[in-house]
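Colleague: What follows is a predicted protein model with its sequence.
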Amino acid sequence: DGTPSDATPGIFRSEEVCLAQLFLQSEAAYTCVAELGELGLVQFRDLNPDTSSFQRKFVSEVRRCDEMERKLRFLEREIKKDQIHMLDTGENPDAPQPREMIDLEATFEKLENELREVNQNEETLKKNFSELTELKHILRKTQTFFEEIHRREIPGAVRASPSTSATDREPLIHVDDEAHAPGELFRQIFGYGRRTTDIPNQTGGGDSMQGGGGPDDVIIADPVGDSETLELTGHGAHGASMFANFGFVAGVIQRERIPAFERLLWRACRGNVFLRHSEIDEILNDTATGEPINKSVFIIFFQGDQLKTKVKKICEGFRATLYPCPDTKSERREMSIGVMTRIEDLKTVLGQTQDHRHRVLVAAAKNVRMWLTKVRKIKSIYHTLNLFNIDVTQKCLIAECWCPVEALDRIRMALKRGTHHPMQEESGSTVPSILNRMDTSESPPTYNKTNKYTAGFQNIVDAYGIATYREINPAIYTMISFPFLFAVMFGDMGHGTIMLLAALFLILKEKQLEAARIRDEIFQMFFSGRYLIFLMGAFSIYTGFLYNDIFSKSMNIFGSAWANSLTEKEMKDLTDLNPETPVMLIPEKAYVTSPYPIGVDPVWNLAEANKLSFLNSMKMKSSVILGIGQMTFGLILSYHNHKFFHSDLDIKFMFIPQMLFMSCIFIYLCLQIIAKWLAYSATAGTVFGYFYPGSNCAPSLLIGLINMFMMKSRDAGFVGEDGKTPLWGCSNNLWYPGQSFFETVFVLIALACVPVMLFAKPYYMWKEEQARRAGNGHHQLATAEMVLVIIAVIQVPIMLFVKPLLVWRRDKAEAAARESVRADMNGGDSEAEVVQHEPKTNGGGGGHGHGDGPVSCKGERGGYVQLDMADVMVYQAIHTIEFVLGCISHTASYLRLWALSLAHAQLSDVLWTMVFRNAFAQDGYIGAIATYLLWFAFFFLSIFILVLMEGLSAFLHALRLHWVEFQSKFYGGHGYAFAPFSFEKILEAEREAEEA
Amino acid sequence: MSEFFFNIDHGYLEALVRGFKGGILTQADYANLVQCETLEDLKLHIQSTDYGNFLANEPGAITVGVIDERLKEKLVTEFVHIRNNALEPLATFLDYITYSYMIDNIILLITGTLHQRPISELISKCHPLGSFEQMEAIHIASTPAELYNAVLVDTPLANYFVDCINEQDLDEMNVELIRNTLYKAYLEDFYGFCKQLGGTTAEVMCEILSFEADRRSIIITINSFDTELSKDDREKLYPRCGKLYPEGLAGLARADDYDQVKQVCEYYSDYKALFDGSGNAAGEKTLEDKFFEHEQVKLNVQAYLHQFHFGVFYAFIKLKEQEMRNIIWIAECISQRHRTKIDNYIPIL
C-alpha cells in the first residue's frame, strides 16, 4: 500500500487522512450527522453520483427546508421593511430534532399567514387611503383650475356675482351672458392649454375650433341632449345649460407619463380635448410595493360621447385613475369634507393595523436569525444524508468519508453522542453506529491545520496549488522567507514602520473589525493578510537598517569608518578651482578604522558618484546568495519528499544529480562571492598565495564564471614577472591555486549530471517493466541488470550505485502487497467484516507478478496502466530541461531582489530631493509654509507610491519567487483540499451569500 | 479596424454576454429536466443550473405561468443591464432587437381587442422586452390610420408602419397583413443597419437576418394557400433582404402549392436540406421546427465563434428565448402529464 505510514509531526506535512465507512442506524443517522456537523472534521463522499438531485431519498425534507427558508426570508424582508432591529446574538443553536422541524414549520406557517393577512388588510386600507388622498388632491387642484380659468375669464364677469369676494369665488365660470359663453370658454381653455387661436367670438350654440387636429368636425351639440356629460358649469343658477356639452374627467396619473399622455390625447382626439395638469407635491406611496411615486392631477375637458369613451380608454391605457368630481363648488366642498373625515378614520384604522403588524414583526425579529440558523442546519444535514447509501436489509445508512486519523477518536465520540442522544431514547436504537477504516488507493484530500496566524501563509501556497497528499507543506517556511524576501526589495525603515503600524492596528482591532463584517474586497484583502503585512513591515525595518536607509536618508549611529583625509589647504585648493569639484576619498588614507559594525556605512549616502555602483554590487551579490540559498533549500526539501514517499529512484537519479549540478556551478559561485568579500580589500597583500596589488585586480566573478564554462586558459596570479606591476586584465586571471583544475572538474560533473537526470530514471522504470514482464526469470534478469548497470556506471561517472537488486526487491514486495486482500480493515472494531469494500480495489487485476497480466506500473487510482515509455521520456526531458535551464534563469530571476530594492531606494530618493527638499531651500515664513505644505505632498506620495504601490509590486515579486523559483524545486501541488462537512462553514457561506 | 477598438466600448458587455451564454442549459441538463416527475422536481433541478434561486421566493405550489414569468423577468433583467451599459452603436443595435417584440406586442393587443378581451389581461401577456409607453392605449384605434396617428407615430416603429396606413377597419386579415408588413420593414431596416455597421457584425448578422427573412417569406407563402390573400399582396409581404431575393421571391410569388415552394427552394442548398428532412409524419420534424433548429442552433451558436461583433447579443437573446420555450414546453408536459411529447424541445448546446 502506497500510503506512507510514518507520520511526521503535524506542521511540516498535511494531516494523515483516511477513508472511513460509517454504518448509521436510520433512526440515529440524523443526530449523528448533526454531531459531525458541529465537529466539522469529516468530508463525506457522494455515494450516489448518478442520481439526480430530485431522485434522492431525503429530497422532500430538503424541500420542506427550502420552504421554511423562503418563509423566513419573507419574514426578514418584512422586518427590514419596518426597520426593526433583528436580534443576532450569534448564538449557535443545536440542529433541531426532526420532530422539532414540524413545530418550526407550524410556527412559520402561522407567522406567514398572519403577516400576509395583515399585509393584505393594510394594502386594502392603504389603497383606500391613497385613493382618498388622490381624491382630496383632485378636489383641491380642480378648484384651482377652475379658479384660474375664471380669473382669466373676462374680468367683468366678477361683477355678475356680487356675492363673491376675491378670496372666495363661488362660481367656477361666471359669465353674464349666456349666449356668449361657450365659445369664449372653449377659446379660453384651449388658448390657455395649447396654442392661442384667434377666433372671433361667436354667439349661439355652435362653435368651431381651430386646434391642431381636425377642427372642423367639432360641432357643439345641442345642450339639452347631452345629459350624460358631467357638467362643467359652475353655478347652477347661472349656467346649467350653458356648458352642458363640455364634459370633463379628472384623475391622477404618474408624473413621468404626463408628456406621452398629453401627446397621445392630442393626437387621438385631434386636439379637441383640453388637458390641464398639476403636480401633487405630497409624495404618495405605491400601494403594492410601498415605493414612493410622484403623481399629478389632471383634468380633461372634452365634448361629446365619442370623445369621452376615447379619453377614458386612453386614461385606462396610461393607468390613470379617474375620480368622480362634482360640478359645483359647494358639492366639491362637501365631498372634500367627507373625504377628509374618511381619511382621518382610515388613518386610525391604518395605524392600528400597522401597530399589530409591528408587534408581530418585533416578536419575530427576536428569533428570526436563530430560526434561520436552525433551518440551515437541518437543510445541510439532509443534504448530507442524501449522499449516503441506503442499506435496505440492515435498516441502516452507509456513508463514506475522509477524516483525519488523528481525529478518529473524536469522531467516534461524536457518533456515540449522536446515537445515544437524549432525544433519541424512545427510538430504541441500541445498535451503535460503526466507523470502519478502509484502505483505498485513491489519494486522500490534503488537510493542513491552520490557525489565524498561519492561514494567510497557507493561502499563499494554496493559491498556487493544493499540496499533494502528505508532501512537504512549504507554508511553514514561507512564513519567514516570504516577508524576508519582500523586505529585501522593500528595505526602508521609514516605510517599514508605516507598514508595521498599519498592520498592528489591524491586529489589535481584529475582534472589532471582524465583528463589523466589512465586506469591502480590498479591505478584506488587507485584513486577512494582516499578520503577513506585520511581518513584512518588521522585516523591512530590519533590512532598512542593514541598508541604512530611512526615507532615503542614512543614520550614523556607530560612527562612519571613513574620515576626510584631505588637509584644509588641499580642500581650499580644490574648492578655489571649482566649488563643485568632487572630492575623492582614497581608501588607503580615508578608511580609518574597522568597518562599520552593522549595515551599510552611512558615508555612502554622501557619495553621489559611486554610491550606486557600490550598493548595486553588494545587493546583486547578496541577491544571488539568497536565491541560491533558497533554491538549495528547496532541493533539500525535495530530498525529504522523496524519502518520505520511499522513492529511492528519485533520490538517486533526481535529487543527487540535481544537487551536484547545483553545487558545482551555483554554490561554487556563492563561495567565490564570499571569498572575494572576505579576502580582497583596498590594500595590497598576498591573497591565496598570489600577490594582490590593489583593488583594480580584484577577481571579476562574472567573467570568471563565463571563462569557467569556456575553459579558457588564463594566467595565474595578478602581477607580472617582477612581482609588482599588475598585469593587463589582471582581474580576469586565476586567483587561487588549482582553480583551473577544480573548475574543469566542476563543469564536467555538472554536464555529466544532465544525462543522468534525463535518462537514468526512465531507464530504471523501463527495467522494472522488463522485470515484471519476464515473470519467473527474476533472478537471472536481476543479475543481467546488475551487469548492465555496472557498464552504465562505468560509462556515466555518476551512476555509481548498485541499485537493481533493491529495485527488484521493492518490486517483489509491491507485488506481494498487491496480491494480499485489500479488505484488511484496521479499524479495530469487531464489525470490521460486515462490509467488504470491494469496488474500489478490483480492477487492479491479479496479473502483476505472474507474468501474464498487463504490463503496468502504478496508476492513478491504484489500477495498473501500461507504462508508456514515450510519456515517461517526454516528462523526464521536460523536467530535466526545466531544472537545468531553470537553475540559470532562476538565479538570474533572483536578481529582481536587487532590482526592486534599487528601484525603491531611487524612488524614495527622488521623492525626497524633488519634493520635500525644495521646502528647505526657502527661508523665513515662506520656508515654514512650504515645509508644511510639501510635507503633505511628500507624506501622501510616500504612502501611495512607495508603501502601497511599491509594496504591492514587491509583494508580487516575492510571491513569484516563492511559487516559481522556490516551489518548483520540490512542490507537486497535485492534491485537493479537505472540505469537511461543518455547520460553521456552511452558515458562514450562507451569511456571506446573504450579504453579497 | 473596428476590432482594435471594440473592447474599449463593448468589451465588458461582450464578456458579460459570453458569460451568460455559458449558462445556457446543456443536453445533460435537459436530460435531467425531462426526468422530472413534478414541477417541484423541475425547480429543484433548475436550482443547480445557472438559473440558481430564481424560483426560491415563490410561495405555494409553482405553476407553469409563474415559471414563465420568472424566466422572462430574468431575461429582461439581463437585457436591461446590458442595454443600460451599452454605448452607441451597440445601444441602437439592442434597440433594434426590442422592435421585433414591440411588433409582436402591438399585434397581440390589436387581435385581443378585436376579440373583446380586457386590455389588462392582454397587457400581462405582452413580452416585457417590447413594452413601450403608449402600448396600453392601443385599443383606442379602430383603423390602421388611427393606430398610426395616435399611437405609433412616436414609437420607433412609425417608419415601418407607413406602408400599412389605410382607412379600412382592423380585422384579422388586416392585422396579419400589418404584422407581416411591419416585420418586412423591420427586417429590411435592421439588415441595412447591420450592413452599415460593417465588419464582423455585418457578416454574422446579415447571415442570420437573411435567413430570418427567407424563413418568413417561405412560411408566408405556405400559409397563404387557400386564403383570400392575393398573390400580389403576398409578394408585397416578402422581406427583400434574404438570399431568395430577387429570383427566389419571384418564384415564391408564383407558387400555388407546397411542392412549388419546395421546387423554388431546391436551388438554394441551405434550404434544400431543410425541406428534404422535414415532413409531417411521426418521427419527422416539421418544417417550422427545422427552420428553428437551423436558425437557433446553427446560426446563433455560430455567432459565438466570431469575436468583436454585436451578433452575440442578438444570438444571446434568441438562444435564451429558445431555451425558455424549451423549459416551458417541458414544464407544460410535466404539469399536464403528457410525457410522450416531452422530448420535442430543441436543444441548444
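Modeller: Right, received. Where do you want to start?

Colleague: List the contacts of the residue in chain B that chain A sits nearest to.
Modeller: Of all residues in chain B, B:A137 sits closest to chain A, at 3.0 Å by Cβ to the nearest Cβ. C-beta: built from backbone N, CA, C; applies to glycine. The contact partners of B:A137, by Cβ atoms under 8 Å, 6 or more residues apart in numbering or on different chains, come to A:264, A:268, A:313-314, A:316-318, B:150-151.

Colleague: In ChimeraX, how would I select the buried members of those?
Modeller: Buried residues within the contacts of B:A137, by 16 or more other Cβ atoms under 10 Å in any protein chain shown, are selected in ChimeraX with:
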select /A:264,268,313,314,316,317,318 /B:150,151
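
Colleague: so where's the stretch 201-350 of chain A uncertain?
Modeller: For the stretch 201-350 of chain A, applying pLDDT under 70 flags the ranges A:201-245, A:287-290.

Colleague: got a list of what the closest residue to chain B within it touches?
Modeller: Going by Cβ to the nearest Cβ, chain B is nearest to A:G317 of the stretch 201-350 of chain A, at 3.0 Å. Counting by Cβ under 8 Å, 6+ apart, A:G317 makes contact with A:264, B:119, B:134-140.

Colleague: do the same with A:N696
Modeller: Taking Cβ under 8 Å, 6+ apart, one finds A:726, A:730-731 in contact with A:N696.

Colleague: which of those residues count as buried?
Modeller: Buried members of the contacts of A:N696, scored by 16+ other Cβ under 10 Å, are A:726, A:730-731.

Colleague: Among the residues you listed, name the ones in strands.
Modeller: For these, not one is inside strands, with DSSP state E as the criterion.

Colleague: Using pLDDT, spot the least trustworthy of those residues.
Modeller: Among the buried ones among the contacts of A:N696, A:P726 has the lowest pLDDT, at 80.

Colleague: picking up where we left off before, could you list which of the contacts of B:A137 belong to strands?
Modeller: Among these, no residue falls in strands (DSSP E).

Colleague: didn't A:M869 look like it was pressed against A:Y763?
Modeller: No - between A:M869 and A:Y763 there is no contact under Cβ atoms under 8 Å: 10.0 Å.

Colleague: Of these two, which one has the most company?
Modeller: A:Y763 (20 against 13; other Cβ atoms under 10 Å in any protein chain shown).

Colleague: hmm, back to that, kindly indicate which of the contacts of A:G317 lies nearest B:I97.
Modeller: B:M135 (17.0 Å; Cβ to Cβ).

Colleague: returning to what we had before: show me which of the contacts of B:A137 is closest to A:D923.
Modeller: Of these, the one sitting nearest to A:D923 (Cβ to Cβ) turns out to be A:F318, at 75.3 Å.

Colleague: wait, what's in contact with residue 313?
Modeller: In the absence of a named chain, this looks at chain A. Counted by Cβ under 8 Å, 6+ apart, A:K313 has contacts B:137, B:139-140.

Colleague: The chain in question should be chain B.
Modeller: Taking Cβ under 8 Å, 6+ apart, we find B:F313 in contact with B:13, B:17, B:82, B:90, B:93-94, B:97.

Colleague: Pull up the per-residue confidence for the closest residue to B:Y345 other than its chain neighbours.
Modeller: Setting aside the residues directly before and after it, B:Y345 is nearest to B:N326 in space (Cβ to Cβ, 6 or more residues apart in numbering or on different chains), at 3.9 Å. With respect to pLDDT, B:N326 scores 89.

Colleague: Just give me the neighbour total for B:N326.
Modeller: If you count neighbours by other Cβ under 10 Å, B:N326 ends up with 20.

Colleague: Now name the helix or strand holding it.
Modeller: In this assignment (DSSP states H and E), B:N326 forms part of helix B:311-335.

Colleague: likewise A:D281?
Modeller: According to DSSP H and E, A:D281 maps onto no helix or strand at all.

Colleague: where's it relative to A:A250, distance?
Modeller: Distance, A:D281 to A:A250, by Cβ to Cβ, to the nearest Å: 18 Å.

Colleague: Those two: who's more crowded?
Modeller: Neighbour count, other Cβ under 10 Å: between A:D281 and A:A250, A:A250 has more, with 24 against 7.

Colleague: where's that one, which helix or strand?
Modeller: Element membership for A:A250 (DSSP H and E) is strand A:246-254.

Colleague: Kindly provide the distance from the residue lying farthest from the centre of chain B to B:F190.
Modeller: The outermost residue of chain B relative to its centre, with distances by Cα atoms, centre = their mean, is B:G60 at 32.0 Å. Distance of B:G60 to B:F190, computed by Cβ to Cβ: 42 Å.

Colleague: again, but for A:A760
Modeller: Noted for A:A760: a distance of 68 Å to B:F190, by Cβ to Cβ.

Colleague: Among the contacts of A:G317, which ones are in strands?
Modeller: Per DSSP E, these never map to strands.

Colleague: Among those residues, find me the one that's closest to A:Y447.
Modeller: A:Y447 has its nearest neighbour among those in B:M135, at 60.5 Å by Cβ to Cβ.

Colleague: Just the pLDDT at the closest one, thanks.
Modeller: With respect to pLDDT, B:M135 has a value of 79.

Colleague: Leaving out sequence neighbours, find the closest residue to it.
Modeller: Nearest to B:M135 is B:N105, by Cβ to Cβ, 6+ apart, at 6.1 Å.

Colleague: Distance of that neighbour relative to B:N180?
Modeller: Separation of B:N105 from B:N180 (Cβ to Cβ) stands at 16 Å.

Colleague: Also A:I943?
Modeller: Remark: distance between A:I943 and B:N180 (Cβ to Cβ) = 68 Å.

Colleague: Show the pLDDT at the closest residue to A:T384 other than its chain neighbours.
Modeller: Excluding its sequence neighbours, the residue lying closest to A:T384 (Cβ to Cβ, 6+ apart) is A:V33, at 5.2 Å. On pLDDT, A:V33 comes in at 88.

Colleague: cool, the one 4 residues further on as well?
Modeller: The per-residue pLDDT reported for A:G37 equals 88.
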